[in-house]
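>>> Quick one, fold the following:
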Amino acid sequence: MEPTPDELAGVVDLFGALARTELRRGLAELAFKRGEEYDPDRFTDTVEEAVRSYHLVAVDPAEAGVAASGADEVLVAGPVAFPELPEGATDLPHILDVPERTPDLEGAAVAAAERFRRDAVTAIDEGDRERVRALLDASYELEAWGGLDLSATRERMDDELARDR
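Coordinates of the predicted model:
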């Protein structure tokens, strides 16, 4: 089972917010139901890539207004995601002992904007033009999703890309 970033967002959206460990455990349960290896850790890179691409947004539980015992962060469906449920995911609320959560998306948006700005600076400083382009595309979705103004960061990214021309 290799879930897409949109499927990861769908699983997270099913609960409202999930800790990374909860999401990985849910994915392992789905894999087990398909007769595949049950190993939550095998999904670590997949989850991290979805966070990197802004399909998922990692936020402090307090900023998201949710309780998640033992979790430093919870994940919410992010601005570039089109959440969809992988096969069998509708059973997860019965399988996982995780409550449905209603995250404060305003808090998640603020956290996402802070991370976005850091990611943009890092990509510019490293001269990673491909990452700058990806972030530039994500900036529009992030603004619409979170009601944010990222124009100053976007201008800096545009300036960096203009150097290539």
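
>>> who's in contact with residue 154?
By C-beta atoms under 8 Å, 6 or more residues apart in numbering, residue 154 lies in contact with 136, 139. Backbone N, C-alpha and C define where each C-beta goes, glycine included.

>>> Just the CA coordinates for the helix or strand harbouring it, please, in CSV.
Taking DSSP states H and E as the criterion, residue 154 maps to helix 151-162. Only the C-alpha atoms of helix 151-162 are listed here, as CSV (Å, rounded to 0.1, in the frame of the first residue of the first chain):
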residue,chain,number,x,y,z
SER,A,151,2.9,38.3,-1.0
ALA,A,152,6.2,39.5,0.5
THR,A,153,7.6,36.0,0.6
ARG,A,154,6.3,35.3,-2.9
GLU,A,155,7.9,38.5,-4.2
ARG,A,156,11.3,37.3,-2.7
MET,A,157,10.8,33.9,-4.4
ASP,A,158,9.9,35.6,-7.7
ASP,A,159,13.0,37.7,-7.5
GLU,A,160,15.1,34.6,-6.9
LEU,A,161,13.6,32.8,-9.9
ALA,A,162,14.0,35.9,-12.1
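
>>> I'd assumed residue 30 was in contact with residue 88.
Yes. Using C-beta atoms under 8 Å, residue 88 is in contact with residue 30, at 5.3 Å.

>>> who's more crowded, the two?
residue 30 (24 against 15; other C-beta atoms under 10 Å).

>>> From the contact counts, what lies against whichever strand or helix holds that one?
Element membership for residue 30 (DSSP H and E) is helix 20-33. Packing partners of helix 20-33 (3 or more C-beta pairs under 8 Å, 6 or more residues apart in numbering; DSSP states H and E): helix 5-15, helix 44-52, helix 92-95.

>>> closest one to residue 76 among these?
Distance to residue 76, taken as C-beta to C-beta, is lowest for helix 5-15 among these, at 6.3 Å.

>>> Give me the helices and strands touching that closest one, please.
helix 20-33, helix 44-52, strand 56-59, strand 74-77, helix 92-95.

>>> Pull out the CA atoms of that helix and give them to me as PDB.
Provided in PDB are the C-alpha atoms of helix 5-15 (Å, rounded to 0.1, in the frame of the first residue of the first chain):
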ATOM      1  CA  PRO A   5      -0.700  12.600  -0.300                       C
ATOM      2  CA  ASP A   6      -4.400  13.200  -0.900                       C
ATOM      3  CA  GLU A   7      -5.200   9.800   0.700                       C
ATOM      4  CA  LEU A   8      -3.200  10.800   3.700                       C
ATOM      5  CA  ALA A   9      -5.100  14.000   3.900                       C
ATOM      6  CA  GLY A  10      -8.300  12.000   3.600                       C
ATOM      7  CA  VAL A  11      -7.400   9.800   6.600                       C
ATOM      8  CA  VAL A  12      -6.500  12.900   8.700                       C
ATOM      9  CA  ASP A  13      -9.600  14.700   7.600                       C
ATOM     10  CA  LEU A  14     -11.700  11.700   8.700                       C
ATOM     11  CA  PHE A  15     -10.700  12.400  12.200                       C
END
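
>>> If anything else comes up later, I'll come back, but that's it for now.
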